[in-house]
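# next one to model:
(one chain, ligands or ions: 2)
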Amino acid sequence: MELGWLLAWGAALLLGLRVLMELSAAANFALRIGLYSVLCVVGSALAAPVCVLVNGGRSVKNMRIIKAVVKSFKYFFGLRFEVKGLQNFEVEGPAIIVSNHQSILDMMGLMEVLPDGCVQVGKKELMYAGSVGLIIYLGGVIFINRKSTSSAKMVMAEVAKTMVAENVKVWVYPEGTRNCTGDLLPFKKGAFHLAVQAQVTGTAPVAHGFLTDFLSSPGKIKVEVLPPIETKGLTPDDVSDLTDRCFCLMRETLFRLSGRPAQVKDSS
Ligand SMILES: CCCCCCCCCCCCCCCC(=O)SCCNC(=O)CCNC(=O)[C@H](O)C(C)(C)COP(=O)(O)OP(=O)(O)OC[C@H]1O[C@@H](n2cnc3c(N)ncnc32)[C@H](O)[C@@H]1OP(=O)(O)O
Ligand SMILES: CCCCCCCC/C=C\CCCCCCCC(=O)OC[C@@H](O)COP(=O)(O)O
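Ligands and ions are numbered 1, 2, ... in the order given. Okay, here's the model as predicted:
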């Protein structure tokens, strides 16, 4: 009898949430973000011991495990990904990857295309996000203090050395923060200094239009990897030009993917 009541209440609650999601776009989005956060927290708690057992602690190799878990999330939302240009990641040696950053949901798009041996740059505050912080630590994410340019620069200089020594690719969000305006924020220069310091084979811009497609069910999210820009031979004087070039390429692609006419705007 009690079980019957419980089931009836459960069904009524689910129905209520479904109706709410149909009626209000804001409620729809909030509930989806809520489910995504729960998946991240639970997925991280389950994946962390597996990472420690398989790879012995913090290692870029753990990204394979994290990627497998995050790639399963799309089924909870009825999402599909249309990926283009994956072959552009096939560069010899270390490389920098830059992409736009609309929300915490971007991790789903990132994991669809993440190449092996690639770590992301993240704000240091993420370390304290419970099980999610632990899994980000175990995955080898490079933590920077955005409030201190000098300390961030020091970390990036070390990264330049290790990415060459250990043949690692580094993924940076050059906007430096989440931005869901549908346009790009001006790019920070850290990623491009890193590319020049490490003299990497290429800097590959990745663009996606995420948020609108996340709300439509079943949504089809487009992710596009653009051809790499050769950065060997560039000097610190070329960093501003490289930054502008990546900004323009990514902005053009973002507008194309979201079906809007391209606009011309300076990155400065
Ligand atoms: C199983 C379930 C799992 C669930 C879940 C899993 C998730 C598993 C994936 C996690 C993934 C996490 C992903 C997190 C994503 C973020 O946390 S995004 C936020 C953190 N990331 C960033 O901020 C990166 C982008 N920021 C930068 O690159 C910035 O340039 C820096 C390095 C932070 C510096 O910040 P800034 O001082 O505000 O920036 P900026 O104006 O560029 O620089 C100031 C001056 O310093 C110079 N400068 C900058 N950098 C350098 C440099 N390296 N060398 C020399 N000069 C430099 C600039 O040229 C500029 O000088 P001028 O040219 O104006 O003369
Ligand atoms: C004991 C503490 C418990 C804390 C619990 C935390 C729960 C976290 C729940 C869901 C988080 C899913 C996060 C997936 C990883 C997202 C990485 C990310 O996108 O971080 C944002 C950062 O790039 C830019 O931050 P700001 O836009 O500058 O801000």
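# isn't residue 96 up against residue 168?
No. Between residue 96 and residue 168 there is no contact, the gap being 10.5 Å when judged by C-beta atoms under 8 Å. From N, CA and C alone the C-beta is placed, and that goes for glycine too.
# look at those two and report which has more neighbours.
residue 96 (32 against 19; other C-beta atoms under 10 Å).
# where are the low-confidence patches of the stretch 101-250 of the chain?
Low-confidence segments of the stretch 101-250 of the chain (pLDDT under 70): 217.
# enumerate the residues of it near ligand 2.
Within the stretch 101-250 of the chain, the positions near ligand 2 by C-beta under 6 Å from any ligand atom are 104, 107, 123, 126, 129-130, 132, 177-178.
# if we go to 5 Å?
104, 129-130, 132, 177-178 (C-beta under 5 Å from any ligand atom).
# can you select the buried ones from those in PyMOL?
Burial among those is assessed by 16 or more other C-beta atoms under 10 Å; the matching PyMOL selection reads:
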select buried, resi 132
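# between the residues of the stretch 101-250 of the chain next to ligand 2, which is closest to residue 44?
For these, the closest approach to residue 44 (C-beta to C-beta) belongs to residue 132, at 4.8 Å.
# if we ignore the residues flanking it in sequence, what's nearest the closest one?
Spatially, and ignoring its direct neighbours in sequence, residue 132 is nearest to residue 44 (4.8 Å; C-beta to C-beta, 6 or more residues apart in numbering).
# what sits against the one you found?
130-132, 134-135 (C-beta atoms under 8 Å, 6 or more residues apart in numbering).
# now do residue 198
Residue 198 neighbours (C-beta under 8 Å, 6+ apart): 94, 96, 159-161, 163-164.
# list only buried entries from these.
94, 96, 159-160, 163.
# may I have the phi/psi pair for residue 204?
phi -100, psi 120 (degrees, to the nearest 10).
# which stretch of helix or strand covers the residue lying closest to residue 145 once chain neighbours are set aside?
What sits nearest to residue 145 in space, not counting adjacent residues and going by C-beta to C-beta, 6+ apart, is residue 151, at 4.9 Å. For residue 151, the element it lies in under DSSP states H and E is helix 149-165.
# ok now the next helix or strand after that helix, how far from the chain's centre?
Heading C-terminal from helix 149-165, the first helix or strand you meet, by DSSP H and E, is strand 169-172. Centroid separation for strand 169-172 versus its chain: 10 Å, with C-alpha atoms, centre = their mean, to the nearest Å.
# please save the CA atoms from strand 169-172 in PDB.
C-alpha atoms of strand 169-172 as PDB (Å, rounded to 0.1, in the frame of the first residue of the first chain):
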ATOM      1  CA  LYS A 169      48.200  18.900 -26.100                       C
ATOM      2  CA  VAL A 170      46.600  21.800 -24.100                       C
ATOM      3  CA  TRP A 171      43.000  23.000 -24.300                       C
ATOM      4  CA  VAL A 172      42.400  26.600 -23.300                       C
END
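# please see if stretch 46-62 touches ligand 1.
Yes. Under the criterion of C-beta under 5 Å from any ligand atom, stretch 46-62 makes contact with ligand 1 via residue 47.
# that stretch near ligand 2 at all?
No. Using C-beta under 5 Å from any ligand atom, stretch 46-62 stays clear of ligand 2, coming no nearer than 12.6 Å.
# end to end, how far does that stretch reach?
Start-to-end span of stretch 46-62 (C-alpha to C-alpha, to the nearest Å) is 13 Å.
# secondary structure element for the residue lying closest to residue 50 once chain neighbours are set aside?
Distances taken as C-beta to C-beta, 6+ apart put residue 65 closest to residue 50, at 5.7 Å, once the chain neighbours are dropped. Under the criterion of DSSP H and E, residue 65 resides in helix 62-71.
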